[in-house]
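Trainee: Next comes the sequence, and after it the predicted model I'd like to discuss.
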Protein chains: 2
Amino acid sequence: MVEEFYGSLREKVFLQLEEDIISGKYKAGQKLTENMLSQNLKVSRTPVREAIRQLELEGLVESIPNKAIIVTGITHEDIEDIYEIRISIEGLAARRAAKSITEEELERLKEITDLQEFYTIRQDMKQLVKTDGDFHETIFRASGSKTLKNILSTFHHNLKKARSDSFGRPVRAKAVLEEHRDIYGALRNRDSIKAEHFMIIHVRNARNRLLGK
Amino acid sequence: MVEEFYGSLREKVFLQLEEDIISGKYKAGQKLTENMLSQNLKVSRTPVREAIRQLELEGLVESIPNKAIIVTGITHEDIEDIYEIRISIEGLAARRAAKSITEEELERLKEITDLQEFYTIRQDMKQLVKTDGDFHETIFRASGSKTLKNILSTFHHNLKKARSDSFGRPVRAKAVLEEHRDIYGALRNRDSIKAEHFMIIHVRNARNRLLGK
DNA sequence: CCATGTATAATTGTATACAATAATACAATC
DNA sequence: GATTGTATTATTGTATACAATTATACATGG
């Protein structure tokens, strides 16, 4: 079943290019042209250009005036950086969320972790990546900080591929589930200290699982 | 003397709108239209749209499909968030920079701090804001981390106005200069521990000077 | 053979025309 | 009077034409 896409062409192009760069279809250093992209994606250059401007700000491409668009991509070092920064600030997001999270958001977290348990048993890696993303996104939205939300959502985007590889073994998925439950429990009790603590541990473990350290 | 602008129209529009939002000319909640902006700035809608997409990613505006562009702006809370996050990660940038900074970049930092001393004596606040920005930008570029550079350059952009207000008194400018010299010295000695330490202190002080805590 | 100038092509930058969508005003109906 | 339907308007979304800039190929002169 093919999933329909209802957004604008620009959004479609943006997501597609992001996917193609993160997945490695377009490799670092590769030169892209607007014509080439608009022909490939069967849209005009206008939505392509708008998408390029956004990718530029995300650091996935570099646009050289009147010359070309160069793919920057996500390097191994970038991933390490992102985890290191996440360790610093995602705990902050959890601490904030413990104070401002709503009952609806807590309900949603519960639903997500239940779903996650279901998919962990089924070993459905694709869905696990999605629920993991949803879990974190709900928390940094609940933090009430636009700045935290902006940074962390970009990070999670850029880690998408790397994380999907990380769910390779069920034992890891189970550890992730337990860590999420710890964080959820702390948020439910509105214990900001524990929420921060568990989140820092979780992100650090996630990094170690991914980078094998 | 009017400063000439040599970049693209899109860049000009982006910087102008960013300035207008950060300075408060366009207030939070205000509705903008592409036509209005293109008429004001005497350019077509194309560069305006591209600029809007970037501002959207920076979180300065919110674009509602087929309806309008709503100004989000920078709130007092956003500024507090930005400083709190900067305290977490700008020290990291300094630590990295201590390891990877080049002789040229060190030379540049020296020039910047010398200039800063000059402007501190002259009490030229406008130039002090600029040199302060240059100092930090040089360091997080020297960190060699694309991710750190991206985040911190956005932060410094968004803090532009707030910081220009903070340089109001010469005693403060002098404190900033001393802190910069400490950081420079640590980087010159490639002492990553001290570089991180002094940077954290500096950002914390900057926040306190700005927010009066 | 190398340097330089020039014409050509490729690419991005901008403007404009038109399409799609959502809001609004207003009339018709109950 | 309230509600619903419809025409109009306003706004964003997309495509295309053209301008400006840069790269490339090639010829020309030393």
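Mentor: Now that the structure is in, tell me what you want to look at. Numbering: from 1, shown residues only, chains lettered A, B, ... in the order given.

Trainee: just checking, next helix/strand downstream of the worst-scoring helix or strand of chain A on mean pLDDT?
Mentor: The weakest-scoring helix or strand in chain A, judged by mean pLDDT, DSSP states H and E, is helix A:146-166 (a mean of 84). The helix or strand immediately downstream of helix A:146-166 is helix A:170-188, counting by DSSP states H and E.

Trainee: got a list of contacts for the least confident helix or strand of chain A?
Mentor: If you take Cβ atoms under 8 Å, 6 or more residues apart in numbering or on different chains as the criterion, helix A:146-166 is touched by A:18, A:22-24, A:58, A:60, A:74, A:78-79, A:82, A:85-86, A:89-90, A:92-93, A:96, A:125-126, A:129, A:132-133, A:136-137, A:140-141, A:143, A:172, A:206, A:209-210, B:57-59, B:72, B:78, B:81-82, B:85, B:151. C-betas here are computed from N, CA, C, even on glycine.

Trainee: now do stretch A:190-200
Mentor: A:87, A:90-99, A:101, A:139, A:179, A:182-183, A:185-187.

Trainee: one step back: just the buried residues out of the contacts of helix A:146-166, in ChimeraX syntax.
Mentor: Here is the ChimeraX selection string for the buried members of the contacts of helix A:146-166, based on 16 or more other Cβ atoms under 10 Å in any protein chain shown:
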select /A:18,22,58,60,74,78,79,82,85,86,89,90,92,93,96,125,129,132,133,136,140,141,143,172,206,209,210 /B:57,58,59,72,78,81,82,85,151
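
Trainee: what angle sits between the least confident helix or strand of chain A and helix A:170-188?
Mentor: 160 degrees (axes from the mean of the first three to the mean of the last three Cα atoms, to 10 degrees).

Trainee: Name the residues of helix A:146-166 that come out as buried.
Mentor: A:146-152, A:154-164, A:166.

Trainee: Centre of chain A to the edge, which residue is at the far end?
Mentor: A:N66 (32.0 Å; Cα atoms, centre = their mean).

Trainee: Next, work out how far apart it and B:A51 are.
Mentor: Applying Cβ to Cβ, to the nearest Å, the value for A:N66 to B:A51 is 18 Å.

Trainee: One more: A:T147?
Mentor: 20 Å.

Trainee: still on that earlier bit, can you tell me the SS state at the residue farthest from the centre of chain A?
Mentor: coil (DSSP: H, G, I helix; E, B strand; the rest coil).

Trainee: Report all helices and strands that the longest helix anywhere in chain A contacts.
Mentor: Scanning chain A for the longest helix, with DSSP state H as the assignment, gives helix A:76-100. For helix A:76-100, the packing partners by 3 or more Cβ pairs under 8 Å, 6 or more residues apart in numbering or on different chains; DSSP states H and E come out as helix A:125-142, helix A:146-166, helix A:170-188, helix A:192-211, helix B:76-100, helix B:146-158.

Trainee: Can you redo those helices as a markdown table, where the extra columns are distance to DNA strand D?
Mentor: Conversion of the helices and strands packed on helix A:76-100 to a markdown table gives the following (distance: least, Cβ to the nearest atom of the strand, whole Å):
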| stretch | distance to DNA strand D |
| --- | --- |
| helix A:125-142 | 22 |
| helix A:146-166 | 19 |
| helix A:170-188 | 35 |
| helix A:192-211 | 34 |
| helix B:76-100 | 23 |
| helix B:146-158 | 22 |
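
Trainee: comparing these, which gets the lowest mean pLDDT score?
Mentor: Per-stretch mean pLDDT for those is lowest at helix A:146-166 (a mean of 84).

Trainee: Now do it: distance to the chain's middle.
Mentor: Distance of helix A:146-166 from the chain centroid (Cα atoms, centre = their mean, to the nearest Å) equals 3 Å.

Trainee: One more: stretch A:12-25?
Mentor: Worked out by Cα atoms, centre = their mean, stretch A:12-25 lies 13 Å from the chain centre.

Trainee: got it, and stretch A:177-184?
Mentor: Worked out by Cα atoms, centre = their mean, stretch A:177-184 lies 18 Å from the chain centre.

Trainee: That one: which residues count as buried?
Mentor: Applying a neighbour-count criterion of 16+ other Cβ under 10 Å, one finds A:L177, A:E179, A:H180, A:R181, A:D182, A:I183, A:Y184 buried in stretch A:177-184.

Trainee: got the contact list for the second one?
Mentor: Listed by Cβ under 8 Å, 6+ apart, the contact partners of A:E179 are A:F198, A:I201, A:H202, A:N205.

Trainee: Narrow these to just the buried residues.
Mentor: Counted by 16+ other Cβ under 10 Å, these give A:F198, A:H202 as buried.

Trainee: near DNA strand C, which residues of chain A show up?
Mentor: A:32-35, A:45-46, A:49, A:63, A:65-69 (Cβ under 7 Å from any atom of the strand).

Trainee: Make a markdown table from the residues you listed and add pLDDT and distance to chain B to it.
Mentor: Listed next are these as a markdown table, based on pLDDT from 0 to 100; distance: Cβ to the nearest Cβ, whole Å:
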| residue | pLDDT | distance to chain B |
| --- | --- | --- |
| A:L32 | 93 | 17 |
| A:T33 | 92 | 17 |
| A:E34 | 93 | 12 |
| A:N35 | 92 | 17 |
| A:R45 | 94 | 10 |
| A:T46 | 94 | 7 |
| A:R49 | 93 | 6 |
| A:S63 | 91 | 10 |
| A:P65 | 86 | 6 |
| A:N66 | 85 | 9 |
| A:K67 | 86 | 13 |
| A:A68 | 86 | 15 |
| A:I69 | 92 | 13 |
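
Trainee: Out of those residues, which is nearest to B:Q116?
Mentor: Among the residues of chain A next to DNA strand C, A:P65 lies closest to B:Q116 (Cβ to Cβ), at 31.1 Å.

Trainee: show me the contacts for the closest one.
Mentor: A:P65 touches B:G7, B:S8, counting by Cβ under 8 Å, 6+ apart.

Trainee: mind checking the backbone torsions on it?
Mentor: With angles defined as degrees, to the nearest 10, A:P65 sits at phi -50, psi 130.

Trainee: So it versus B:L9, what's the distance?
Mentor: For A:P65, the distance to B:L9 - Cβ to Cβ - is 12 Å.

Trainee: what does A:L152 give?
Mentor: 33 Å.

Trainee: Check A:V71 too.
Mentor: For A:V71 relative to B:L9 (Cβ to Cβ), the value is 25 Å.

Trainee: ok, now A:L37?
Mentor: With the distance defined as Cβ to Cβ, A:L37 ends up 22 Å from B:L9.

Trainee: same check, this time on A:N40
Mentor: A:N40 sits 27 Å away from B:L9, going by Cβ to Cβ.

Trainee: next one: A:V203
Mentor: 41 Å.

Trainee: Between the two, which is the more surrounded one?
Mentor: A:V203 (22 against 17; other Cβ atoms under 10 Å in any protein chain shown).
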